[in-house]
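Colleague: Predicted model follows, preceded by the sequence.
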Amino acid sequence: MHKDKLKIIKERKERIWRRARKRLRGTAERPRVYVFKTNRYLYVQVINDVTGAVLTSASTLEKEFKEKNKNFKNVGSSEKLGVLLAKRLKEKKIEKIVFDRAVYPYHGRIKALAEAMRKGGIIF
C-alpha cells in the first residue's frame, strides 16, 4: 500500500509539472527561473529554453552562501538566496524573468525567494 501511495503522489506532481511547463517558456530576453527544493537546500537555475542553456544558477549549497549563513532551510536563507540571484541576474543585464516554481505552492521558502528577487529589481 505504501508504494501505491508514493506512486500516486509522484504521478500527481508530474501532471502538475507538465501542465505548468506548457505555459512557461524562457527566452533570451525573458529567461525562466526554475526552483528545485529539498528539505534542506534550495536550488535555482536561470534557463533560456530556446537554446537550452543555463545562464546562471544559485544554491544554498554553494561555498559563498555557506560562509555567510548558518542555517540553509529557513525562510531567511531563501530571502538571502533571492538577493544573491537578483545580483547575479543584474550582472548579466537580465531584468525580466519567468518564474517557474514547479510543483511547489507559492508560500514559505518559495514565496520568500520570489519576493527577495522582486526587491532586488527583477520583474516578473
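Modeller: Cool, got the structure. Numbering: from 1, shown residues only.
Colleague: Closest to the centroid, which residue in the chain?
Modeller: residue 35 (2.2 Å; CA atoms, centre = their mean).
Colleague: That residue and residue 7, how far apart?
Modeller: Between residue 35 and residue 7 the computed distance is 24 Å (CB to CB, to the nearest Å). Every residue, glycine included, has its C-beta placed from N, CA and C.
Colleague: Give me the neighbour count for the closest residue to residue 68 other than its chain neighbours.
Modeller: Excluding the flanking residues, the one nearest residue 68 by CB to CB, 6 or more residues apart in numbering is residue 80, at 7.3 Å. Residue 80: 19 surrounding residues under other CB atoms under 10 Å.
Colleague: Quick one: residues contacting residue 80.
Modeller: Contacts for residue 80 (CB atoms under 8 Å, 6 or more residues apart in numbering) come out as 65, 68, 69, 116.
Colleague: Which two among those residues are spaced furthest apart?
Modeller: Using CB to CB, the pair of these lying farthest apart is 68 and 116, separated by 14.4 Å.
Colleague: And those two? Which one has more around it.
Modeller: Using other CB under 10 Å as the criterion, residue 68 and residue 116 rank with residue 116 on top: 21 against 9.
Colleague: Just give the nearest non-adjacent residue to that one, would you?
Modeller: Leaving aside its sequence neighbours, residue 116 sits nearest to residue 82 (CB to CB, 6+ apart; 2.7 Å).
Colleague: So that neighbour versus residue 41, what's the distance?
Modeller: Between residue 82 and residue 41 the computed distance is 14 Å (CB to CB).
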